[in-house]
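Chemist: A predicted structure for the sequence below; I have some questions about it.
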Amino acid sequence: MLNFVQRRRLFFTIAGILIALSFVALVVSAILFEGQALRISIDFKGGTLFILHFTEPVEESAIREVFVENGHISPIVQRLGAADDNSWQVRTRFADTEEVQRILDGLDAQVGAVDRALSNWNTVEPTVGAEVAQQAALAVFVAALAVLTFIWYSFRKVPHPFRYGVVSIVAMLVNVTITLGFFALMGILQGWEADALFLTAVLTVIGFSVQDVIVVFDRIRENIPRHRGESFEMIVNRSVLETVHRSLATQLNAMFVMIAILLFGGTTIKPFIAVMLVGMLSETFTSLCVAVPLLVVWEERDHRHSLARAAA
Amino acid sequence: MERRTIISFVLILLLTAMAIYGVVSQQHPAWLTNLLFWQPEASRNLDFQLGLDLQGGLQVLMVADLPAGQALDSQAMETARRIVEKRVNALGLTEPVVQIQGTERIVVEIPGIENPAQAVDTIRETALLEFVEPPSNVSLEMIYMLQTTQTPISTTYGLTAEQLQAQSALTETMLFKTVMTGADLANAFVTRESQTSQPVVAIEFQSGAADLFSEYTSSHLGKNLCIVLDKLIISCPRIDSAIPNGKATIQGSFTYETANQLAVQLQYGALPIPLKIESYKAIGPSLGAISVEKSVRAGIVGLAVVFLFMLIYYRLNGLAADLALGLYVVLNLLLYKLVPVTLTLPGIAGFLLSVGMAVDANILVFERMKEELRHGRSLLRAAEAGFSRAWTSVRDSNIATLLTCAILFIFGDAFAASLVKGFAITLAVGTIINLFTALVVTRTLIRVAFGSFGNWVQKHSWVLGL
């Protein structure tokens, strides 16, 4: 029988490297973007985001000029999609409706006609942004707490239910760290910004991050009374191998859908889906290779202690 | 085969037929839509409701902008909401939504709007209409200059006796006396002047005010009366004759749209609470159409792969799961129409993702079934054991998903993000339907299959992927 649990040193090393890389990405992002470990979107800090579709090719400098003329000193102007899409994204400070109108009129006159039907703009006051950011932090906290409570409840009948809960939370934290690290990296490379959808993705990842753990733990719970003579490590290993097919098959199906959305879906939700995809991949890894071996280490140490006590 | 199995099989077939009819057919008879008693009577239908991001439109979030220390009255907030709603409805657009969010915010969503900037002005601006008497020592030239340069003037409206005294001591020469205000209006509408066909705003005073107006005009013949909007002079016509019936027109350099905007603002009065725009979002309508098209394509590809995978990996069982999954998709779509659930881009993503996750329950069962078969159980007993043993895992992981959805839904309110809520709702609806299709439907299909040709399956175990 393949001994999965015995490879734990390797798994812990891989997890350690992934966590370290994530922190590097977060720190680099913080250095590059004025202390933002993740680039924050206007949803959380206020500001205006324009997605502008022009009817003909235009110059970046001309767009910038119109914004500066209207008192927006440092707009971030980026091209969206291919060159012949004529689509541009501009981020700037909060602008009221009249300012937006003036900017659009200015663009029409000095740069090129803006196709309103294919454009959108979104503006948020800084105070709202701060409020939303607070709520977001609270949401993540509540989600983590709810999941911990749930695991503790559903495993209340196994010995040491608290340990099951703790290792699940550790796995979840590792998972979230890796997901955030990925997002920070994409922020550096592609300019992705954390918005309300990003938060949704993270909360979803938190919710899903216990699914594999639950299935394996459920099997452990079932196998303990069945294989009385076996060591805990053996039982856990058996449980992992018995459920690994299911974990992989399920992951594959979710991935098929997400990859299809990434390839064929709209550009606006790509970061959202990508975060979930990475979250799910790392979820499978952290469930099987972090949560489960951690539980074994914890239980075995206990076991050794009691053996030592029995010998003495 | 047991009677119970046959009955549930027939019921599932009926449900499938009904669901397919509800989803696929575009036209539904009136008696059917009338059955949807939980939907508001005026808009009962069986159409998909698309969110702003899919059909384009405007979302405005406004917050009560009170001076520090002043308490917010929920009654006044509701009045403000109703006034905003009336103004929005007067724009003549389909299905606008005006809701109070929390205690101090009003959110307005107007789908498919073409000129968001003007709509925002109509919604927010309070129009204070005054008929004022110019001070006697101000010349007509002076007034004309104030009008052309759009210089705000001071009027006596809203001043207390003390303020009035202080004001008149300071700027005696330039204080305009307010005779009537827009609060006395019974009606305001756009019409065209008969000679020039210029758009003008016709107004009618309430009966008491009409008498006052008649009295005033008859005692001030030959004088000028200025029409002032938000402290800016619009025009200063001369009173040529007494106006007995309380009807007047406001002439200015209006286009039809601006005249209509003014009429709407006059008619629905001032807001009891000043509102400040906190955020607003405008989405071009064609952009939404492209998103829908792309999502549908992505969905078809993604689901096709999932269907194929299940069929290839689990063979006969996979076929049962695929049929159940087909029903799952149709039931979801049907519920979106029935409830109705407003579909957004993340909402569609949530639905597609839920399809990918929906097979999880079946996979758990089938893996369990294979194990039981390897242990030498008979086909039917292995199937039953698969379903009953997998139940706890299925239950627990679904509860975890529902918990997440609940949290997303509750906090989605705080983000003013219908997008977040949309995702949470579709994922939650999917998870619940999945419990039915993946367990009840698949189980019945497998019982029917094994019941009718179980012996053949037992001999050809490759059809189960063993």
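Modeler: Everything's here; your move.
Chemist: can you count the residues close to A:T179?
Modeler: If you count neighbours by other CB atoms under 10 Å in any protein chain shown, A:T179 ends up with 26. Quick note: C-beta positions are derived from backbone N, CA and C, even for glycine.
Chemist: quick one: the strands in the stretch 101-250 of chain B?
Modeler: Taking DSSP state E, counting those that start in this stretch to define them, one finds strands in the stretch 101-250 of chain B at B:105-111, B:129-133, B:154-155, B:175-181, B:185-192, B:199-205, B:226-229, B:232-235, B:247-250.
Chemist: give the buried residues for the last one.
Modeler: Right, the one you point to is strand B:247-250. B:A248, B:I250 (16 or more other CB atoms under 10 Å in any protein chain shown).
Chemist: in the stretch 251-400 of chain B, where is pLDDT below threshold?
Modeler: Where the stretch 251-400 of chain B drops to pLDDT under 70, the residues are B:265, B:268-272.
Chemist: for chain A, what's its nearest residue on chain B.
Modeler: Chain B approaches chain A most closely through B:T404 (2.7 Å), counting by CB to the nearest CB.
Chemist: check that residue and give its pLDDT.
Modeler: Note on B:T404: pLDDT of 82.
Chemist: show me where pLDDT drops low in chain A?
Modeler: For chain A, the stretches flagged by pLDDT under 70 are A:1-2, A:305-312.
Chemist: closest residue of it to chain B?
Modeler: Closest approach between chain A and chain B, counting by CB to the nearest CB: A:G207, at 2.7 Å.
Chemist: picking up where we left off before, now render the strands of the stretch 101-250 of chain B as JSON lines, adding mean pLDDT.
Modeler: Below are the strands of the stretch 101-250 of chain B laid out as JSON lines (pLDDT from 0 to 100):
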{"stretch": "strand B:105-111", "mean pLDDT": "87"}
{"stretch": "strand B:129-133", "mean pLDDT": "82"}
{"stretch": "strand B:154-155", "mean pLDDT": "78"}
{"stretch": "strand B:175-181", "mean pLDDT": "81"}
{"stretch": "strand B:185-192", "mean pLDDT": "82"}
{"stretch": "strand B:199-205", "mean pLDDT": "85"}
{"stretch": "strand B:226-229", "mean pLDDT": "80"}
{"stretch": "strand B:232-235", "mean pLDDT": "79"}
{"stretch": "strand B:247-250", "mean pLDDT": "81"}
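Chemist: ok, how many other residues are close to B:S253?
Modeler: Using other CB under 10 Å, B:S253 has 10 neighbouring residues.
Chemist: pLDDT value on B:L170, please?
Modeler: 62.
Chemist: show me the contacts for A:G191.
Modeler: For A:G191, the contact set (CB atoms under 8 Å, 6 or more residues apart in numbering or on different chains) comprises A:R39, A:Q78.
Chemist: same check on A:V158?
Modeler: Neighbour list for A:V158: A:Y164, A:F217, A:I220, A:R221, A:I224 [criterion: CB under 8 Å, 6+ apart].
Chemist: near chain A, which residues of the stretch 101-250 of chain B are found?
Modeler: B:E114, B:A117, B:V120, B:D121 (CB under 8 Å from any CB of the partner chain).
Chemist: between the residues you listed, which has the most around it?
Modeler: Busiest of those [other CB under 10 Å] is B:V120, holding 24 neighbours.
Chemist: just give the nearest non-adjacent residue to that one, would you?
Modeler: Nearest residue to B:V120, sequence neighbours excluded (CB to CB, 6 or more residues apart in numbering or on different chains): A:T97, at 4.6 Å.
Chemist: also A:L277?
Modeler: Using CB to CB, 6+ apart, the nearest residue to A:L277 is A:M258, at 4.6 Å.
Chemist: count of neighbours near the one you found?
Modeler: Counted with other CB under 10 Å, the neighbours of A:M258 add up to 24.
Chemist: and what about it, helix, strand or coil?
Modeler: Using DSSP: H, G, I helix; E, B strand; the rest coil, the secondary structure recorded for A:M258 is helix.
Chemist: does it really touch B:S354, like I thought?
Modeler: No. Using CB atoms under 8 Å, A:M258 is not in contact with B:S354, being 12.0 Å away.
Chemist: wait, what's in contact with B:Y328?
Modeler: By CB under 8 Å, 6+ apart, the contact set of B:Y328 is B:V355, B:A358, B:G430, B:I433, B:N434, B:T437, B:A438.
Chemist: whoops, A:V202 was the one
Modeler: A:V140, A:V176, A:T179, A:L180, A:V275, A:G279.
Chemist: in what helix or strand does the third one lie?
Modeler: Under DSSP states H and E, the secondary-structure element containing A:T179 is helix A:161-190.
Chemist: go ahead and confirm the residue nearest to B:V120 touches B:N115.
Modeler: No. A:T97 is not in contact with B:N115 according to CB under 8 Å; the separation is 11.6 Å.
Chemist: neighbours around B:S25, how many?
Modeler: By other CB under 10 Å, the residues close to B:S25 number 11.
Chemist: ranges for the strands of chain A?
Modeler: Counting by DSSP state E, chain A has these strands, from start to end: A:47-53, A:76-80, A:87-92, A:120-124.
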